[in-house]
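Undergrad: pasted the sequence and its predicted model underneath.
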Amino acid sequence: MANVLGINAVFHDPAAALLIDGVTVAATEEERLNRRKHGKDCVPFSTWELPSAAMAWCLEQGNLDPSELDAVVYSYEPRLCTHETLPIDSPRLGKPGYVAGSTRASYDPWEPLRTMFAERAESFIDSTLPGLPSGVVRHVPHHVAHAASAYAASGFGDCSVLVLDGRGESTSHLAGRVRDGELEILASQVLPQSVGLLYEEVTAHLGFRRSSDEFKVMALASYGDPTRFQSTFDSFVKARGGGFRASRIDLDDLVPARRDGEPWTQVHADLAAAVQKSTERLLVDLARWLHEQTGDSALTMAGGVALNCVANGVLAECGPFRDVWVQPAAGDAGTALGGAMYIAHELGDEIEPMRTAALGRAWSESETEAILRRSGLGYSRPADLARTTAECLATGGVVGWCYGRSEYGPRALGHRSLFVDPRRPENLQRMNDIKGREEFRPVAPMVLLERAHEIFDGVIPSPFMLFVHDVHPEWRDRISAAVHVDGTARIQTVDRQVEPLLAELLDAFCDITGVPVLVNTSFNTAGRPMVDSPTDALECFGSSPIDLLVMPPFAVARNTAFLSPREEALAGHG
């Protein structure tokens, strides 16, 4: 019976998670509270920054004082770090990619600073959590924390686990088997070989933000032909037993670098397609090797590469495992939860499986109404909120939806979402315009679980939006706004037992339109974190062409929200 607080702080997406007696009480990312995308910059100088707001909120949610914590888990073990010391004028330090927070960490002259900060994590934590008992800070290796976030949360029991990301302390990959809750590491890949960092390099070369915009490369890949550069990537990216080779490619020899803001061309799409195809192939090869070692039916996954839903879909279809479960907070934020789960198990707790990603902050009805009153905007309390919302959507409206606890991880799963009608093809560009996104980016469909098989082929149920599915041909025109250029969609299935209000909304929309699907994308605009609080939602509503803001049981309609008292009275008499 233990109180365990997990922390991710080293690279990016700082986060905190609290387990009490093996139950996840709270988990959130610092960006949701400090309103800074990814929480902080991914540079060695930021390593000392802790997710202090997230830590404080988790303890508040658990009604705990720091003195009551049995362990504080830091998801990085600096004793595993290795460094290659290079002269400051070494020509290798001047090559693209050999920079802080990006790639080939052993060649980064600032890497010892990151390690030094990580070694001193206990003193930073002590100052942030006054009254913390001595000796309770524990370090868990980065990839072990990733792995635990998958196998311990999945509920599968005995299973295989695969972690792929940019980097940990000195590796970029872990493959293992889990028996009776204990992890046995079967293979790992030592840096500088890293498929995650190679994908990051391509991301930066294509003019996007490294360690942030890799999903844009995944989307752009659907417009490209992988064969144009496939022979080059095949020669540099290969599975080798339980590990792999993913050497640095001189991308300038393939495609001139694209500057941010410049239009993309076919050659850029072809480069994206090549790195995407290589990633898919490597993932399947690693899974096959792992299955040969374990014979398990279930594979659990985490690490930033596990957020590549296209590759996940390929693995689920072509790989050897019957079941594939991906941690919804698969990126570094999830190591806060995984580290806490790993140590809670060590302390004797039975870990409760992760049934939902709704682990963040929530506001009561009275708190929400108080915020609405202070805003001065007109609002209502519809008798049938689902029907009111569905009617707005069916007549072409954009709905902002802020409900319940916010999601842990990068996916909006119907708690902090923007909804539109999938039948209207123009809604894809409309949503990309509202959010300031590139025109090649798809939006995702939300579908009732019991109707999903009628419309989509792939992993079902898929509650966390982590697999790509083929859309049945007869449905592609009916939900055209939600279908990507290659005929696929990244779906979220809605189980009415888990999400009754979302199911009620989908029922109402289907009753009006005959379509049990809505377009669902994150409630935010470009460069901003997803909204978290009602205040965040109101700010986004006020600055964006959103027709209806729903914060159950309340609704704010744009056509009446900004009326003066006299105008409201006249409107009411009309």
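TA: Noted; the coordinates are in hand.

Undergrad: drop to CA atoms for contacts and neighbour counts, all remaining ones
TA: Will do.

Undergrad: what sits up against the helix or strand hosting residue 336?
TA: Here residue 336, judged by DSSP states H and E, is contained in helix 334-346. Residues from elsewhere that reach helix 334-346 (Cα atoms under 8 Å, 6 or more residues apart in numbering): 2-8, 15-19, 21-22, 27, 71-75, 140, 142, 144-150, 152, 181, 327, 350-351, 409.

Undergrad: centre of the chain to it, how far?
TA: Distance of helix 334-346 from the chain centroid (Cα atoms, centre = their mean, to the nearest Å) equals 18 Å.

Undergrad: which parts of it are buried?
TA: By neighbour count on 16 or more other Cα atoms under 10 Å, the buried set for helix 334-346 is 334, 335, 336, 337, 338, 339, 340, 341, 342, 343, 344, 345.

Undergrad: need the max-distance pair from those.
TA: Greatest spacing in those, by Cα to Cα: 334 and 345 (16.6 Å).

Undergrad: what are the ranges of the helices in the stretch 151-300 of the chain?
TA: Remark: helices assigned in the stretch 151-300 of the chain by DSSP state H, counting those that start in this stretch are 195-205, 214-221, 227-236, 266-294.

Undergrad: quick one: closest of those to residue 558.
TA: helix 214-221 (31.3 Å).

Undergrad: what sits up against the closest one?
TA: By Cα under 8 Å, 6+ apart, helix 214-221 touches 199-200, 202-203, 206, 208, 269-274, 276, 308, 310, 440-442.

Undergrad: of these, select the buried ones using a ChimeraX command.
TA: Buried residues within the contacts of helix 214-221, by 16+ other Cα under 10 Å, are selected in ChimeraX with:
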select :199,200,202,203,206,208,269,270,271,272,273,274,276,308,310,440,441,442
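
Undergrad: mean confidence score for stretch 538-552?
TA: Averaged across stretch 538-552, the pLDDT comes to 96.

Undergrad: return the set of buried residues in stretch 320-329.
TA: For stretch 320-329, burial by neighbour count (16+ other Cα under 10 Å) applies to 320, 321, 324, 325, 326, 327, 328, 329.

Undergrad: and stretch 453-463, by the same measure?
TA: Buried residues in stretch 453-463 (16+ other Cα under 10 Å): 453, 455, 456, 458, 459, 460, 461, 462, 463.

Undergrad: what's in contact with that stretch?
TA: In contact with stretch 453-463 (Cα under 8 Å, 6+ apart) are residues 313, 316-317, 413, 449, 452, 467-472, 475, 491-495.

Undergrad: change it to 7 Å
TA: With contact meaning Cα atoms under 7 Å, 6 or more residues apart in numbering, stretch 453-463 is reached by 449, 467, 469, 470, 471, 472, 475, 491, 492, 493, 494.

Undergrad: which SS state does the third one fall under?
TA: Assigned with DSSP: H, G, I helix; E, B strand; the rest coil, residue 469 falls in the strand class.

Undergrad: so how far is residue 110 from the spatially closest residue to residue 280 that is not a sequence neighbour?
TA: In space, and not counting its chain neighbours, residue 280 is closest to residue 311: 4.8 Å by Cα to Cα, 6 or more residues apart in numbering. According to Cα to Cα, to the nearest Å, residue 311 and residue 110 sit 33 Å apart.

Undergrad: compare these two and say which is more crowded by neighbours.
TA: residue 311 (25 against 16; other Cα atoms under 10 Å).

Undergrad: tell me which element the more buried one falls in.
TA: Counting by DSSP H and E, residue 311 is part of helix 309-318.
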